[in-house]
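S.K.: Structure for the following, please:
(one chain, ligands or ions: 3)
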Amino acid sequence: MKMAGNSPITTASIKEMKREGQRIVMLTAYDYPSAKLADEAGIDMILVGDSLGMVVLGYESTVPVTLEDMIHHTKAVTRGAKRAFVVTDMPFLTYHGTVEEALRNAGRIMQEGLAKAVKIEGGAELVPLVRRCTQAGIPVVGHIGLTPQSVHQLGGYKVQGKTPEAAQKLLDDALALEEAGAFALVMECVPKQLAELMSHRLSIPTIGIGAGAGCDGQVLVYHDILSYGSEHVPKFVKKYGDAGSLIKQAITQYAGEVRCGAFPQDEHTFTMKEEMLERLYGEGVKI
Ligand SMILES: Nc1nc(=O)c2c([nH]1)NC[C@@H]1CN(c3ccc(C(=O)N[C@@H](CCC(=O)O)C(=O)O)cc3)CN21
Ligand SMILES: CC(C)C(=O)C(=O)O
Ligand SMILES: [Mg+2]
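M.R.: Ligands and ions are numbered 1, 2, ... in the order given. The predicted structure follows:
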């Protein structure tokens with residue numbers, strides 16, 4: 001399998017991967033160790049997804065996630081990612097006021113979090129913002145199809161674009177975002193035929209999640225592929241490891257060994273010199 005070299009990934013190398021038919025691999029990460037492992041495993045793009053609200057903060061949806069949350073986690077991820085290109089989700093309602101306000105929020109993600117790009121959920125209505133960010137040097141990734149920040153409007157996490165009208169709207173949105181300057185596009189939970197068609201129509205790379213093999217790249221949630229405590233795992237997830245069981249087993253063994261006295265052993269313990277101990281007792285130091 002071909003993999004881009006060791007030099008840091010850029011927007012240019014991401015676009016080039018599409019031209020060369022090399023699939024782009026994206027994974028979410030939310031902290032320093034997960035970013036470091038993903039980076040070392042050769043992941044091309046790391047997404048600091050607002051899914052962190054659900055998988056690491058325990059909220060019911062991504063709606064409660066704040067800009068401060070995203071910046072905080074982005075700081076940790078960018079310290080761990082040496083080669084991977086880090087993209088951060090703009091959270092709920094941080095890009096729906098004025099373009100100036102949205103630009104300022106995107107700017108904080110770049111300047112404080114040190115992300116290389118931002119991702120925003122929505123279609124053609126975001127064109128003025130995408131244009132402004134792109135002009136200001138902030139690369140933008142679009143996100144269409146199932147847009148989880150609109151879960152309360154969509155009525156659940158459902159597949160999108162199943163009718164000809166809905167599919168046409170998604171295609172129009174995708175083309176508008178590309179035209180406005182988005183350098184990549186996430187397509188979530190859309191029928192595979194539509195995702196493949198959109199991937200052919202667009203010159204920018206498409207990154208699918210629950211959108212089939214016809215996309216230029218794939219993205220999944222870190223905790224989902226590792227079975228690491230994530231709940232309500234979507235159908236499109238494939239599990240590649242069982243970190244949850246591994247961690248629970250290790251913690252259970254630790255608890256058992258503390259309770260029966262098997263831990264700690266001498267090797268985990270510090271000692272005082274005999275001479276110091278004699279002085280302690282002999283001189284009657286009060287302890
Ligand atoms: N752990 C996790 N993984 C994700 O991929 C993820 C999150 N959280 N949180 C934010 C969004 C929400 N996502 C989701 C969540 C559930 C489904 C889901 O259950 N979908 C149904 C399909 C329903 C239908 O038939 O229309 C499924 O069976 O997969 C899909 C996407 C994707 N994102
Ligand atoms: C699932 C991906 C695309 C995402 O937006 C997230 O992790 O928040
Ligand atoms: Mg997201």
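
S.K.: isn't residue 121 right up against residue 148?
M.R.: Yes. Between residue 121 and residue 148 a contact is recorded at 7.4 Å, counting by Cβ atoms under 8 Å. (Glycine included, C-beta is placed from N, CA and C.)

S.K.: per-domain residue ranges of this protein.
M.R.: Following automatic domain parsing, one gets these domains for the chain: 11-241, 246-282.

S.K.: Just put these in TSV and tack on mean neighbour count and distance to residue 5.
M.R.: Below are the domains of the chain laid out as TSV (neighbours: other Cβ atoms under 10 Å; distance: least, Cβ to Cβ, whole Å):
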stretch	mean neighbour count	distance to residue 5
domain 11-241	19	9
domain 246-282	10	32
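
S.K.: Generate JSON lines for the ones you listed, with mean pLDDT as supplementary columns.
M.R.: Formatted as JSON lines, the domains of the chain follow (pLDDT from 0 to 100):
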{"stretch": "domain 11-241", "mean pLDDT": "98"}
{"stretch": "domain 246-282", "mean pLDDT": "96"}
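
S.K.: For ligand 1, find the nearest of those domains.
M.R.: domain 11-241 (3.2 Å; Cβ to the nearest ligand atom).

S.K.: Determine how far the last residue of the closest one lies from the first.
M.R.: 30 Å (Cα to Cα, to the nearest Å).

S.K.: Is that domain positioned near ligand 3?
M.R.: Yes. Between domain 11-241 and ligand 3, judged by Cβ under 5 Å from the ion, the touching residues are 49-50, 89.

S.K.: could I have the helix or strand where residue 246 lies exported to CSV, CA atoms only?
M.R.: Using DSSP states H and E, residue 246 sits in helix 243-260. Provided in CSV are the C-alpha atoms of helix 243-260 (Å, rounded to 0.1, in the frame of the first residue of the first chain):
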residue,chain,number,x,y,z
ALA,A,243,-9.2,-1.3,23.8
GLY,A,244,-12.3,-1.2,26.1
SER,A,245,-11.9,-4.8,27.2
LEU,A,246,-8.1,-4.5,27.5
ILE,A,247,-8.4,-1.5,29.7
LYS,A,248,-11.2,-2.9,31.9
GLN,A,249,-9.3,-6.2,32.3
ALA,A,250,-6.2,-4.3,33.4
ILE,A,251,-8.1,-2.1,35.9
THR,A,252,-9.9,-5.1,37.4
GLN,A,253,-6.6,-6.9,37.9
TYR,A,254,-5.1,-3.8,39.6
ALA,A,255,-8.1,-3.5,41.9
GLY,A,256,-7.9,-7.2,42.8
GLU,A,257,-4.1,-7.0,43.5
VAL,A,258,-4.5,-4.0,45.8
ARG,A,259,-7.3,-5.7,47.7
CYS,A,260,-5.4,-9.0,48.2
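
S.K.: residues making contact with that helix?
M.R.: 226-229, 262-263 (Cβ atoms under 8 Å, 6 or more residues apart in numbering).
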